[in-house]
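K.L.:
Curious how this folds, go ahead:
(one chain, ligands or ions: 1)
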Amino acid sequence: MAPNLRVKAAFMAMKGIGISEDKVKPVLKKLLKLYEKNWEMIEEENYRVLADAIFDEEDDQVEVQKRKSTADEDDLEEEAQMHEVERPLKRLRLRNQESQGLASPSNQNSQLGRTSFQPMVEQQEIQSSSVRQINMNKGKQPISPMALAVVERNNLSQLSTTKVSETCSVMSFDTSIRIRDKGKGPLSPQFIDGSSISERPCDEPKDERYDDEEPLNETPIAAILPDPINKGDLALRKEMIGGRGGRAVCTSSSEYRNDRERANIAEESPTNLEIASSPLGEDTLNVGSRKTNSFVPNNASNGSPDVQGSIGAAAPRIPRFPGSLDGSNNHLKMNKNKTTIDCAGSQRKLSEEHEDADSRSLVVFSKSQSTPTDLRSVHDVNDIAKGEERVKIPWVNKIDEQCPPSFHYIPQSLAFSSASINFSLSEIGNENCCSNCYGDCLPSPVPCACACANGGEFTYTVKGLVKEAFLLKCISVNRDPKKSHHLYCRECPLEKSKDNNILEPCKGHLKRKFIKECWRKCGCGKHCGNRVVQRGISYNMQVFMTPEGKGWGLQTLDELPKGAFVCEYIGEILTIKEMHERNLKKGDAAKRTYRVLLDSDWSSMCVKDDEALCLDSTTFGNIARFINHRCYDANLIEIPIEVETPKHHYYRLALFTTRKIQALEELTWDYGVEFDDHDHSLNAFQCLCGSRFCRNVKRSNRVKKVR
Ligand SMILES: C[S@@+](CC[C@H](N)C(=O)[O-])C[C@H]1O[C@@H](n2cnc3c(N)ncnc32)[C@H](O)[C@@H]1O
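P.N.:
Below is the predicted model of the structure:
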């Protein structure tokens, strides 16, 4: 349909429910801008989004009007106070009261005659003063001086251009990939990224509805339970205390390099072929489940405080998020005197810490008093990724005294135990790779075999960004998961894992578009433009404590272009059965785990039990575990990436920007949570995303209105 016909149709539809053109016009304009002229979204469900937006606009106007009259009342009140002495009405009232003996409020109105309006002045005073009180409290959060915060908001650009970049040095990753031919035993693990900061997105204004509300006291973001002491502790202790100097390569935020240039600087992170079992996992993880999409968030705790430098946990679509390792109070805290305190109570002045900012462990530990768990929970304030990424990822808390929750930073996902992910070269046939290519595939006029798998053309631009058309398709599938995008398993592994006597029918899985990247069996080089995700994180980000009460979050320190790769969702690779077992073990704590289902292609294959997988970032993960949820208009989107195997039971899950993102914006993605799905209360949390499309807002009234 031509655009103007669509406009007319929208007018007609709105007219049908009694909304005039002049009200529709400005809102429609805004929506078209917001959805980048994606009419399908606006037209869906008989223009429901449009109608909702118009009602919202009306609500906003009423609110503004209310505020205006409140402000007027305040002004009046102030004026009245200034001229208290000459307030005739008040004096009159007092005189009347005195003369008529009207001390009791109960008989005031009846006996004061014409002057009875005066008690209303009094009432008005009370109202306006309480309004004033609310206004005064509004927006005030308990903000303690940030003991550990190295980054002041105002100085962020400085941080990203100087502090971060100054500390860059060339890093070489240990590329410990062990590839074996099919059937010849274990392969090597694969890892990935993480980290963040943030501020409100410029085009995602905070919803006024939340302004006057106290932040809700949510369930804590997730609790990571203590790992059993094992041999790894010694190495960890060494790393915590000594750090691994000079490994990270940072990209200055001011100097943008495209992905390929960046790739020349840093070593490619190791690609995982086979996933190693974690000796720790089982006792330490919690899982949640989710209905259809791949993200299974839990009730993340708001982060019980940990040691300075430790990270908080977060979770995406199947994911759930952790908090403290053991839920005990064994956490390091920051005190308000700008002194850092470790678990053992050692104190150290912040200034001293700044002096040796490049030393990678800022917390002073008393070795004798610190347990291995304490040590593991400490995160370097300058780099929560512990040098595992190409860039450093600092953390900051300007809101309270919590430190990020404990977890193990891993840059690539690892199998916990039973997941069937032994990638082998023989599994990738010649038709599944471009063995005849050379150098960089992108400039070639003839699409290579990998491009053919992407529908005959590369999905990345030469700048390493996802092409607009592909991105829009992904966004529309996510934002508009109509039935047509859902596929249903004949025997759903998720339902099978539930131990129900009767097997429930599959609830459906969102069918997503994959990107196939070139890989090591291809003839091209590792800087080929069709290898973006596997090169890892390249933008500067920061983990930060959100002011809205969402716990920790991730924000970008760099401006990010639309379609840019931000990070992969990394975690332990679990079979659904393992996930379920962990849930049972954890009981209520399972609500605080961060898991994402890898179910984008379940329905198109008969998934065996050990092939139905999810990623659990509760105890082992990267910065993605800090990314908070935002309903509908999140600035990141997850896209499945095929790298090491053509079988889609395992794939990488990468997060890309849905639009240009300003430095200091919080990074968010839509977990796909259904807040009214009572069957999946494990995933529920009180959503504070602030989106005008928030699904956690009771919509019944609005829907009624539309009908
Ligand atoms: C993957 S974690 C995100 C990081 C988490 N905020 C933290 O502190 O570790 C997911 C958890 O964060 C919290 N969260 C994420 N998005 C939220 C939102 N929009 N509103 C409220 N809480 C949110 C919930 O507790 C959720 O279970």
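K.L.:
what does stretch 476-489 rub up against?
P.N.:
38, 40-41, 44, 292-293, 505-506, 508-513, 602-604, 607, 632-633, 637-638, 670, 672 (C-beta atoms under 8 Å, 6 or more residues apart in numbering). Glycine gets a C-beta too; all of them are placed from N, C-alpha and C.
K.L.:
Buried ones from those, can you make that a ChimeraX selection?
P.N.:
Per 16 or more other C-beta atoms under 10 Å, the buried members of the contacts of stretch 476-489 correspond to this ChimeraX selection:
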select :38,41,292,293,506,508,509,510,511,512,513,602,603,607,632,633,637,638,670,672
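K.L.:
Filter the contacts of stretch 476-489 down to just the ones in strands.
P.N.:
Using DSSP state E, the members of the contacts of stretch 476-489 that fall in strands are His509, Leu510, Ile637, Glu638.
K.L.:
I'd like to know which of the residues you listed is nearest to the ligand.
P.N.:
Glu638 (12.6 Å; C-beta to the nearest ligand atom).
K.L.:
from the ones in strands among the contacts of stretch 476-489, which two are the most distant?
P.N.:
Based on C-beta to C-beta, the longest span within the ones in strands among the contacts of stretch 476-489 runs between His509 and Ile637 and measures 16.8 Å.
K.L.:
Could you check which residue of the stretch 501-650 of the chain lies nearest the ligand?
P.N.:
Proximity of the stretch 501-650 of the chain to the ligand (C-beta to the nearest ligand atom) peaks at Gly551, 2.7 Å away.
K.L.:
could you measure that residue against Glu666, distance?
P.N.:
Using C-beta to C-beta, to the nearest Å, one gets 12 Å for the distance from Gly551 to Glu666.
K.L.:
Same check on Ser604?
P.N.:
Distance of Ser604 to Glu666, computed by C-beta to C-beta: 35 Å.
K.L.:
repeat for Ser413
P.N.:
From Ser413 to Glu666 the distance is 24 Å (C-beta to C-beta).
K.L.:
Same check on Pro505?
P.N.:
Distance, Pro505 to Glu666, by C-beta to C-beta: 38 Å.
K.L.:
Show me what from the stretch 451-600 of the chain comes close to the ligand.
P.N.:
With C-beta under 6 Å from any ligand atom as the criterion, the stretch 451-600 of the chain meets the ligand at residues Lys550, Gly551, Trp552, Gly553, Tyr594.
K.L.:
Surely the fourth one is in contact with Arg630?
P.N.:
To tie it back to what came earlier, the one meant is Gly553. No - using C-beta atoms under 8 Å, Gly553 is not in contact with Arg630, being 10.2 Å away.
K.L.:
mind showing which ranges of the stretch 251-400 of the chain have poor pLDDT?
P.N.:
Across the stretch 251-400 of the chain, the ranges flagged by pLDDT under 70 are 251-377.
K.L.:
for the chain, same thing?
P.N.:
Those would be 1-3, 69-377, 483-484, 590-591, 677-683, 698-707, if you go by pLDDT under 70 across the chain.
K.L.:
out of everything not next to it in sequence, what's closest to Lys23?
P.N.:
Computed as C-beta to C-beta, 6 or more residues apart in numbering, the closest residue to Lys23 that is not its neighbour in sequence is Ile54, at 5.8 Å.
K.L.:
Give the intersection of the neighbour lists for Gly553 and Arg630.
P.N.:
Counting by C-beta under 8 Å, 6+ apart, the shared contacts of Gly553 and Arg630 are Thr668.
K.L.:
which residues in the stretch 351-500 of the chain form helices?
P.N.:
Secondary structure of the stretch 351-500 of the chain by DSSP state H, counting those that start in this stretch: the helices cover 372-376, 449-453, 468-479, 493-496.
K.L.:
Of those helices, which is nearest Asn436?
P.N.:
Nearest to Asn436 among the helices of the stretch 351-500 of the chain is helix 449-453; the distance by C-beta to C-beta comes to 8.4 Å.
K.L.:
Can you name every helix or strand that the closest one contacts?
P.N.:
Applying 3 or more C-beta pairs under 8 Å, 6 or more residues apart in numbering; DSSP states H and E, we find helix 449-453 packed against no helix or strand.
K.L.:
Begin at 893, not 1, for the rest of this chat.
P.N.:
Fine by me, first position is 893 from now on; the one you just mentioned is helix 1341-1345.
K.L.:
Could you verify that Ala901 is part of a helix?
P.N.:
Yes - with DSSP: H, G, I helix; E, B strand; the rest coil as the criterion, Ala901 is assigned to a helix.
K.L.:
contacting residues around the residue nearest to Lys915?
P.N.:
Neighbouring residues of Ile946 by C-beta under 8 Å, 6+ apart: Met906, Ile911, Lys915, Val916, Val919.
K.L.:
Only the buried subset of these, as a ChimeraX command please.
P.N.:
The following ChimeraX line selects those of those that are buried, judged by 16+ other C-beta under 10 Å:
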select :906,911,916,919
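K.L.:
before we move on, back to that, mind checking the backbone torsions on the residue of the stretch 1393-1542 of the chain closest to the ligand?
P.N.:
phi 80, psi -150 (degrees, to the nearest 10).
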